[in-house]
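In: sequence first, predicted coordinates after that:
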Amino acid sequence: MKVVLATKNKGKVKEFNHYLGHLGWTVVSMDEYPEIPEIIEDGLTFEANAVKKAVTVMQATGLPTLADDSGITVDVLDGRPGVYSARFAGHNAQDEENNQTLLRELSDVPDEQRTASFVCCIAYIAPDMDEALTFQGECKGVVLKAPQGGQGFGYDPLFFVPTEGKTMAELGVERKNEISHRAMALLEMKNFFQKH
Ligand SMILES: O=P(O)(O)OP(=O)(O)OP(=O)(O)OC[C@H]1O[C@@H](n2cnc3c(O)ncnc32)[C@H](O)[C@@H]1O
Ligand SMILES: [Mg+2]
């Protein structure tokens with residue numbers, strides 16, 4: 001299977017390539033389609049944004065397309081930043097700035113109240129389909145008070161996974177792709193395609 005991966009996030013590209021490579025899928029990067037304009041992620045849910053990204057890129061390329069919308073939901077912040085995770089510190093914010101914003105918002109919050117989840121929705125659509133398929137995944141963790149680890153991307157250095165005894169940034173792509181929110185959504189997708 002040949003698919004376009006509708007993301008500009010290099011960390012996601014690495015994880016998808018690693019996972020889909022094992023499945024024997026051929027992945028075409030968005031770099032090959034510089035003419036596709038920026039997609040405004042104005043959905044109120046991960047699903048709405050993932051579908052919007054997948055549909056836009058499928059229509060522009062005429063190829064089967066996968067998109068991912070994801071983020072961190074922090075319990076004590078009533079689920080924020082959620083779908084706004086990429087823009088927590090403002091439009092076009094860097095990972096480092098978003099992480100600083102998260103640490104600041106949680107500066108007075110004790111350890112036992114720093115629980116959070118990483119959430120991922122993957123959308124798949126091909127030209128012959130009426131609507132996108134979507135697959136969800138979630139991974140529970142705790143937001144640390146300082147970053148730990150140098151792998152991964154985004155909020156990974158702050159996201160401690162109790163069952164692993166490590167942050168996501170300490171796991172490496174192989175292990176992250178077995179336990180992360182993205183891995184869970186990819187597993188759902190893999191199971192679907194094995195049955196259909
Ligand atoms: O929209 P695309 O082009 O795919 O790339 P993006 O980085 O803007 O991706 P999103 O809109 O889905 O925003 C996701 C946000 O959540 C963060 N995030 C998502 N998955 C993550 C992961 O596995 N580890 C750490 N942070 C993650 C990521 O850093 C962004 O700030
Ligand atoms: Mg985005």
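Out: Great, that's in hand. Ligands and ions are numbered 1, 2, ... in the order given.
In: pull the helix or strand with minimum mean pLDDT from this protein.
Out: Across the helices and strands of the chain, mean pLDDT, DSSP states H and E gives its lowest value to strand 26-29, namely a mean of 93.
In: strand partners (parallel or antiparallel) of it?
Out: Strand 26-29 pairs in its sheet with strand 2-5 (parallel), by DSSP bridges.
In: what lies in contact with the strand it pairs with?
Out: 12-13, 16-17, 20, 25-30, 33, 57-58, 61, 63-67, 124 (Cβ atoms under 8 Å, 6 or more residues apart in numbering). C-beta: built from backbone N, CA, C; applies to glycine.
In: report the buried residues of stretch 70-87.
Out: Across stretch 70-87, burial judged by 16 or more other Cβ atoms under 10 Å covers 70-77, 80-83, 85-86.
In: among those, which are in strands?
Out: Ser70, Gly71, Ile72, Thr73, Val74 (DSSP state E).
In: near ligand 1, which of the residues you listed show up?
Out: Restricting those to those touching ligand 1 (Cβ under 6 Å from any ligand atom) yields Ser70, Gly71.
In: and the pLDDT at the spatially most central residue of the chain?
Out: Centroid-nearest residue in the chain: Ser70, 3.7 Å away (criterion: Cα atoms, centre = their mean). Per-residue pLDDT puts Ser70 at 99.
In: wait, it touches His181, no?
Out: Yes - applying Cβ atoms under 8 Å as the test, Ser70 and His181 come out as touching, 6.3 Å apart.
In: now do the shared contacts for those two.
Out: Residues touching both Ser70 and His181 by Cβ under 8 Å, 6+ apart: Phe118, Val119, Cys120.
In: give me the subset of those lying in strands.
Out: Phe118, Val119, Cys120.
In: which of these are buried? Put it as a PyMOL command.
Out: Listed next is the PyMOL selection for buried residues among these, using 16+ other Cβ under 10 Å:
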select buried, resi 118+119+120
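In: how many neighbours does Leu150 have?
Out: Quick fix: residue 150 reads Gly, not Leu. Neighbours of Gly150 under the rule other Cβ atoms under 10 Å: 10.
In: residues touching it, list them.
Out: Pro157, Ala169.
In: which SS class is it?
Out: coil (DSSP: H, G, I helix; E, B strand; the rest coil).
In: pLDDT at it, what is it?
Out: pLDDT, Gly150: 98.
In: near ligand 1, which residues of the chain show up?
Out: Proximity of the chain to ligand 1 (Cβ under 6 Å from any ligand atom) is limited to residues 7-9, 12, 41, 68-71, 85-86, 95, 98, 118, 152-156, 168, 180, 182.
In: what helix or strand is the residue of the chain found nearest ligand 1 on?
Out: Proximity of the chain to ligand 1 (Cβ to the nearest ligand atom) peaks at Gly154, 2.3 Å away. For Gly154, there is no helix or strand it lies in under DSSP states H and E.
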